[in-house]
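Asks: predicted model and sequence below, questions to follow.
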Amino acid sequence: MIAPPKKRLTPGAKQKLSMALLTLLIILAGCSPKPKISETALAKIQNPELIAELNQAVCHLYPNQFKAVHHVALTLLGKTYVLNGYLTVNRRQKQLHLIAQNDMGGTLFEIHTKGEKTRIQSNTKYLKTSWLEKSVVKDLETLYLSPPLSSPKLYMDQDNTLLLSKNQGGISRKYLFKKEPQQDSDPVQNNYKLTGYRRLKNDKIVYTIGYIYDRKNTKKYPSFIAIENQTLNYQLKINSQYFFNATRTSGTKD
């Protein structure tokens, strides 16, 4: 008896399967317990040079001008949507341009910001322009256009996590850093990597970002980003592939 030939997955089915596996991987990575950090239980660090270095590291996590492709799983109102995002960033001009498409290639929405001006076009009913402005635009600005904190304070946890913190008017912004093992060929003395961001309102966490790095990525940019907004009740799981320096020939990848 001749066995029937095995059915091959179509390109669309393969993409859906890969995105499902990717989403599962990032969700599992994001399921680790979030640290509950109280500044009163931390050791305060009086080192102006280190504070300034970490503060600038937040701003210089990405190049001033680059292109990126994002594979995104958006969980909203109990449903998960798989998107592809094509992003252009010019930090000096405070400019962001994002085209978000579904897995079939249709454009769901487009966002273009420059300075204080934002233009949003949404082609879907479940993502209104007002929601996109409060969520995706704010996410992009926090990820890629964050200015340095003014007069931040620095603390250290028992596991040597550094916490760069700024409190103002009941709103706290906290950046978490972990020290990387120093390589013999690495001249950097304070090799700290940004691993998380917390925004608190009256000591309650309302917004978090988790950064996950690929050990094979020598550029040291985060490969996975997990965002959770408790106020607007949504989650973003982002797999990032960066195409640096937008002035280069299109398609050049660093």
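Replies: Happy to help now that I have it. Numbering: from 1, shown residues only.

Asks: list the strands paired with whichever strand or helix holds Y211, with their directions.
Replies: Using DSSP states H and E, Y211 sits in strand 204-212. Strand pairing for strand 204-212, determined by DSSP bridges: strand 192-201 (antiparallel), strand 224-229 (antiparallel).

Asks: most tightly packed of these?
Replies: Among those, strand 224-229 has the highest mean neighbour count (mean count of other Cβ atoms under 10 Å), at a mean of 20. C-betas here are computed from N, CA, C, even on glycine.

Asks: run through who's touching that one.
Replies: Outside strand 224-229, the residues that touch it by Cβ atoms under 8 Å, 6 or more residues apart in numbering are 26, 29-30, 135, 139, 143, 206-212, 214, 234-240.

Asks: so what's the gap between the very next helix or strand once past that strand and the chain middle?
Replies: Going down the chain from strand 224-229, the next helix or strand is strand 234-244, by DSSP H and E. Distance, stretch centre to chain centre, for strand 234-244: 6 Å (Cα atoms, centre = their mean, to the nearest Å).

Asks: buried set for strand 234-244?
Replies: Burial within strand 234-244, assessed by neighbour count using 16 or more other Cβ atoms under 10 Å, is assigned to 234-240, 242-244.

Asks: residue ranges in this structure under the pLDDT threshold?
Replies: The model of the chain has pLDDT under 70 over residues 1-41, 182-190, 217-219, 245-254.

Asks: now do the strands in it.
Replies: 43-44, 65-76, 79-90, 95-102, 107-114, 117-122, 153-156, 162-168, 171-179, 192-201, 204-212, 224-229, 234-244 (DSSP state E).

Asks: okay if I get the ones you listed as TSV plus distance to A57?
Replies: Formatted as TSV, the strands of the chain follow (distance: least, Cβ to Cβ, whole Å):
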stretch	distance to A57
strand 43-44	19
strand 65-76	17
strand 79-90	17
strand 95-102	21
strand 107-114	24
strand 117-122	27
strand 153-156	12
strand 162-168	9
strand 171-179	8
strand 192-201	6
strand 204-212	12
strand 224-229	16
strand 234-244	17
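
Asks: relative to V58, which of these is closest?
Replies: V58 lies closest to strand 171-179 among those, at 5.7 Å (Cβ to Cβ).

Asks: partners of the residue positioned nearest the centre of the chain in the sheet?
Replies: Nearest to the geometric centre of the chain sits I225, at 4.0 Å (Cα atoms, centre = their mean). Judged by DSSP bridges, the bridge partners of I225 are Y211, I238.

Asks: so Y155 sits right up against L162, yeah?
Replies: Yes - assessed by Cβ atoms under 8 Å, Y155 is found in contact with L162 at 7.3 Å.

Asks: what sits in contact with each of these two?
Replies: By Cβ under 8 Å, 6+ apart, Y155 and L162 have these common neighbours: I45.

Asks: so which of the strands of the chain comes closest to E53?
Replies: That would be, of the strands of the chain and by Cβ to Cβ, strand 192-201, which comes in at 7.9 Å.

Asks: which residues are contacting that closest one?
Replies: The contact list for strand 192-201 (Cβ under 8 Å, 6+ apart) reads 37, 53-54, 57-58, 61, 142, 161-162, 170-180, 205-211, 213, 220, 222.

Asks: name only those of the residues you listed that count as buried.
Replies: Buried residues within the contacts of strand 192-201, counting neighbours by 16+ other Cβ under 10 Å: 37, 54, 57-58, 61, 161-162, 172-177, 205-211, 213, 222.

Asks: now the residue lying closest to Y155 once chain neighbours are set aside: how far from I238?
Replies: Leaving aside its chain neighbours, Y155 sits nearest to L42 (3.6 Å; criterion: Cβ to Cβ, 6 or more residues apart in numbering). Separation of L42 from I238 (Cβ to Cβ, to the nearest Å): 29 Å.

Asks: I205 and Q230 touch, don't they?
Replies: Yes - counting by Cβ under 8 Å, Q230 is a contact partner of I205 at 6.8 Å.
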